[in-house]
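In: the amino acid sequence is not available; the structure is as follows:
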């Protein structure tokens, strides 16, 4: 079992920045961030894979150039630095972990409770 606890959400004006952090009780090769707006499916924002085949980081097109994901396996943490935030970034953000990185949220075994990010115009 891996427990994930997010922190760092909040409210910010458009153009501002927030940093999300996820503390994990254990390490999994794939860990990252999803987000969900009420009434819509959960979507992958950024994931980082570190495993036998190497290391890779995925960013959704809608966050490329604005968000940066980082993981520290010594501390069992993964962060998401969010810059140039837009109102459409408003969502509940979830930390997730699994053995592999998939685009489909339903493939992920471990989830945090979520942290709300609200961006006002």
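Out: That came through fine. Remember, predicted model here, so these are calculated numbers, not experimental data. Residues are numbered from 1 along each chain as shown.
In: make it CA atoms for all contacts and neighbour counts henceforth
Out: OK.
In: and the strands in the chain?
Out: Taking DSSP state E as the criterion, the chain carries its strands at 4-7, 10-13, 18-24, 30-36, 43-51, 54-59, 67-72, 77-82, 91-98, 110-111, 115-120.
In: which residue is nearest the middle of the chain?
Out: residue 33 (1.7 Å; Cα atoms, centre = their mean).
In: who's that one bridged to?
Out: Note on residue 33: beta-bridge partners residue 46, residue 95, judged by DSSP bridges.
In: OK, contacts around it?
Out: 44, 45, 46, 47, 80, 93, 94, 95, 96 (Cα atoms under 8 Å, 6 or more residues apart in numbering).
In: reformat those residues as TSV; add pLDDT, distance to residue 9 and neighbour count.
Out: TSV is the format used below for these (pLDDT from 0 to 100; distance: Cα to Cα, whole Å; neighbours: other Cα atoms under 10 Å):
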residue	pLDDT	distance to residue 9	neighbour count
44	98	17	22
45	98	15	24
46	98	16	25
47	98	18	27
80	98	10	22
93	98	8	26
94	98	10	26
95	98	12	30
96	98	16	30
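In: can you count the residues close to the residue nearest to residue 26 when sequence neighbours are not counted?
Out: What sits nearest to residue 26 in space, not counting adjacent residues and going by Cα to Cα, 6 or more residues apart in numbering, is residue 2, at 5.4 Å. Neighbour count for residue 2, taken as other Cα atoms under 10 Å: 15.
In: is it true that residue 2 touches residue 24?
Out: Yes - assessed by Cα atoms under 8 Å, residue 2 is found in contact with residue 24 at 6.6 Å.
In: quick one, which of the strands of the chain is nearest to residue 104?
Out: strand 43-51 (7.5 Å; Cα to Cα).
In: counting contacts, what elements does the closest one pack onto?
Out: Counting contacts by 3 or more Cα pairs under 8 Å, 6 or more residues apart in numbering; DSSP states H and E, strand 43-51 is packed against strand 30-36, strand 54-59, strand 67-72.
In: residue 19 is nearest to which of the ones you listed?
Out: strand 67-72 (9.4 Å).
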